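# Give me a 3D structure for the following:
(chains A and B)
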Amino acid sequence: MKFVFMNLMSYRDLPEDFTEKHKSVYISIPNSLYDPEKGHEMYNDFIDQYELAIDLGFDGVGVNEHHANAYGMMPSPNIIAAALARKVRESEKTALIVLGNSLALYNPPIRVAEELAMLDNITGGRLIAGFPVGTSMDTNYAYGVNPAELRPRYYEAHDLVMKAWKEREVFHFNGKFNQHRYVNVWTRPYQDPHPPVWIPGGAASQETFDWVAENDYQYSYLSFYGHEFAKDKFDKFWKRRKELGLDMNPYKVGFVQMICISETDEKAKEEYEEHVNYFFNKSFHVSPEFTEAPGYRTEKSVRAGLQSQYGTESAGAKLRAGLSWEQMVEKGYVIAGSPESVVNQIRKAIKKLHVGHFIALLNHGSMPHELALKNIRLMGEEVIPHVRDIWGDEYEVQNWPKIEQTPAVQKA
Amino acid sequence: MSTPKLETVKVRDCIEAKVLVAGEGKPLVYLHGAGGLQWDDYLDRLSQHYKVYAPYHIGTGGSVGKDEVRDWWDLVLYYYELFDALGLDSVDVIGHSFGGMVAAELASTNPDRVRNLVLVCAAGLWLDETPVKDVFTMLNTPDVLFQHLFADLNSPAAQAFANAMPEEHEAQVDFIVAQNTAAAEAAKFMWGIPDKGLSRRIHRVTANTCIIWGEKDALIPVDYAYEFHKRLPGSKVTIMEKSGHYPQAEELEAVLATTLEFLQAAPVTK
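This is a model prediction of the structure:
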């Protein structure tokens, strides 16, 4: 079992009356609400949190990409990844997971191939490359990509990046959106021919499952609504893999879960409830204007979404709204409590969903730095050691870098 | 209301247009907006005087081949080829909103193909001081969309629009999907800023032009009526004082009279 710490890096100090005064945490939020003094502190706290996770021996640290919002302060995941890369290199076994770069937003996409290759070289082959399509807010609104072109651009950029990593000679590329006479990614990745690829997404569509299977990638289901809401998506995933005649290796999927750990169940509620509520109510206060541009999903997916109450992320938001702390824990939106009860909840979730890569969100919304550190420490010291062996030797670890326990580059 | 005939028109390999056709007489093409094609009273009444061709925008109404029509120039050429397939050499064209943006472009790029041009609350130009509203952000909030479309929300035209959603669940799903697809396929050509360079080509227009606008248009403000007028010397402008973005619904009789008077009076050649 692999455990990854991911830090969404929400801006933790939105005003009390934010939701009354402002329609959206994304796109239309005025940046006058951003205080650079506080931002300076937050960025450094967030990086400290990552560094603690590396010291505690998490299997991986993950970064992701969001734009024009106070929900995740990582417009450039590669910059945070670069700030962590040296520490990752020096760690016993931690991998660096860029979860990742929304390919259609890079012009030319060769930039992604270059930067990720740099990170792979600095870490000595510890990089995992994630390629999400990205949310409609990030791609269509913040970056202005035409929704009708988003997916074709994404797939074309993917082909270009992968070819740039695999080819050993300069080549030309005549695409619909990218025309290059000379493609030459220098430096090339440390891992040969390229880092493992993860495809993070929230739609859980069969088209994505098939494409992931075809390329032997890992699929990461990214949602904030927890293991119960995720159940039918994972059922669909495993059913499809069976239909395709593929194995049931849990390392073919990743799963994101919000986690809150304290000394006791009661104390967890006391310490975290306010911050989880801040996250759902403020960090995730997205105006319906921007949730989805027409054309972001295919007609087929739009229809399927209208026919299932679990179909979309906005369905998740509706199901969660108004739930008490106890209900959120019971329904799996949040895994919370004493280390022992968190161990039990995680074990159940992992078995139920059949996942090998567990991406733990441990810093939520307005959490003060000290509480985030505590949560990460308890996860690393008192939870992970008890759930690490869930899959034992039953399955081979896949879609993960081959990490030699000694750093690839020794310090002089 | 008469029922128009739904015709399938083979434009070329891999592309099939769907066109609503009704009436007899001189041909008249109507290009609809981002809300999709509805056969309304305006089209019905026009079909009492003309043979009306109302094509579904490519990618909607069961048409085939949207992936062949990738960008703005593909769309322009697609329409010329559709006109060819319909035997329309030089034709009168009415365009509403997004359809107006297309119609103005067709008249600019090849002036020979459009004889008389009617622009109803047309997109296509951009004024920094009076931006066109981003209609695509309103799709998830039907109330907001509704408020931007009509001047009088209690008018029969507005109420008919507001109550158009069917009651039965499956029909509702079809309705929402069709609406979403219509917007998505228009957004493909309008995304971000719906200015794809018409201002650099509009001087080429030779068609007689009539500009019809709702005084209270909350999506494409009436300033754009005057901007089109400025850029199309000799064009006629009629402002409908009690209308928003759908003057042909809110002030049907007046818009119809203006349209017919213009089309019938416009000189055949220029």
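# And the helices in the stretch 1-150 of chain B?
Using DSSP state H, counting those that start in this stretch, the helices of the stretch 1-150 of chain B run over B:41-46, B:72-86, B:98-109, B:142-149.
# Flag every buried residue along the shortest one.
Residues of helix B:41-46 classed as buried: B:42, B:43, B:44, B:45, B:46 (neighbour count, 16 or more other Cβ atoms under 10 Å in any protein chain shown). Backbone N, C-alpha and C define where each C-beta goes, glycine included.
# what's the pLDDT at the third one?
According to the per-residue confidence, residue B:44 scores 98 in pLDDT.
# same question, the one 3 residues further on
Residue-level confidence at residue B:47 comes out at 98, pLDDT.
# Surely it touches residue B:5?
No: when contacts are counted by Cβ atoms under 8 Å, residue B:47 is not listed as touching residue B:5 (10.6 Å).
# Look at these two and report which has more neighbours.
Neighbour count, other Cβ atoms under 10 Å in any protein chain shown: between residue B:47 and residue B:5, residue B:47 has more, with 24 against 9.
# tell me the most buried of the helices of the stretch 1-150 of chain B?
Mean neighbours per residue, mean count of other Cβ atoms under 10 Å in any protein chain shown, is largest over these for helix B:98-109, with a mean of 26.
# what angle separates that helix from helix B:72-86?
Relative orientation of helix B:98-109 and helix B:72-86, computed by axes from the mean of the first three to the mean of the last three Cα atoms, to 10 degrees: 90 degrees.
# CA atoms only for helix B:98-109 - export them in PDB, please.
Written as PDB, here are the backbone C-alpha positions of helix B:98-109 (Å, rounded to 0.1, in the frame of the first residue of the first chain):
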ATOM      1  CA  PHE B  98     -24.800  34.000 -32.700                       C
ATOM      2  CA  GLY B  99     -26.500  33.400 -36.000                       C
ATOM      3  CA  GLY B 100     -26.100  37.100 -36.700                       C
ATOM      4  CA  MET B 101     -22.400  36.800 -36.100                       C
ATOM      5  CA  VAL B 102     -22.300  34.000 -38.700                       C
ATOM      6  CA  ALA B 103     -24.600  35.800 -41.200                       C
ATOM      7  CA  ALA B 104     -22.500  39.000 -41.000                       C
ATOM      8  CA  GLU B 105     -19.300  37.000 -41.600                       C
ATOM      9  CA  LEU B 106     -20.900  35.200 -44.600                       C
ATOM     10  CA  ALA B 107     -21.800  38.600 -46.100                       C
ATOM     11  CA  SER B 108     -18.300  39.900 -45.400                       C
ATOM     12  CA  THR B 109     -16.100  37.100 -46.600                       C
END
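# And it, what does it pack against?
Judged by 3 or more Cβ pairs under 8 Å, 6 or more residues apart in numbering or on different chains; DSSP states H and E, the packing partners of helix B:98-109 are strand B:27-31, helix B:72-86, strand B:91-96, strand B:114-120, helix B:169-190.
# Give me the angle between that helix and strand B:91-96.
Orientation note: helix B:98-109 sits at an angle of 140 degrees relative to strand B:91-96 (the same axes, to 10 degrees).
# Contacts for helix B:98-109 next, please.
Defining contact as Cβ atoms under 8 Å, 6 or more residues apart in numbering or on different chains, one finds that helix B:98-109 is touched by B:30-34, B:57, B:72, B:75-76, B:79-80, B:93-95, B:113-114, B:117-124, B:186, B:189-190, B:194, B:196, B:198, B:201-207, B:209, B:228.
# before we move on, what about stretch B:61-70?
Applying Cβ under 8 Å, 6+ apart, the contact partners of stretch B:61-70 are A:176, B:11, B:14-18, B:36-37, B:56-59, B:74-75, B:78, B:185.
# Mind checking which of these are buried?
Judged by 16+ other Cβ under 10 Å, buried ones among the contacts of stretch B:61-70: B:11, B:15-18, B:36-37, B:56-59, B:75, B:78, B:185.
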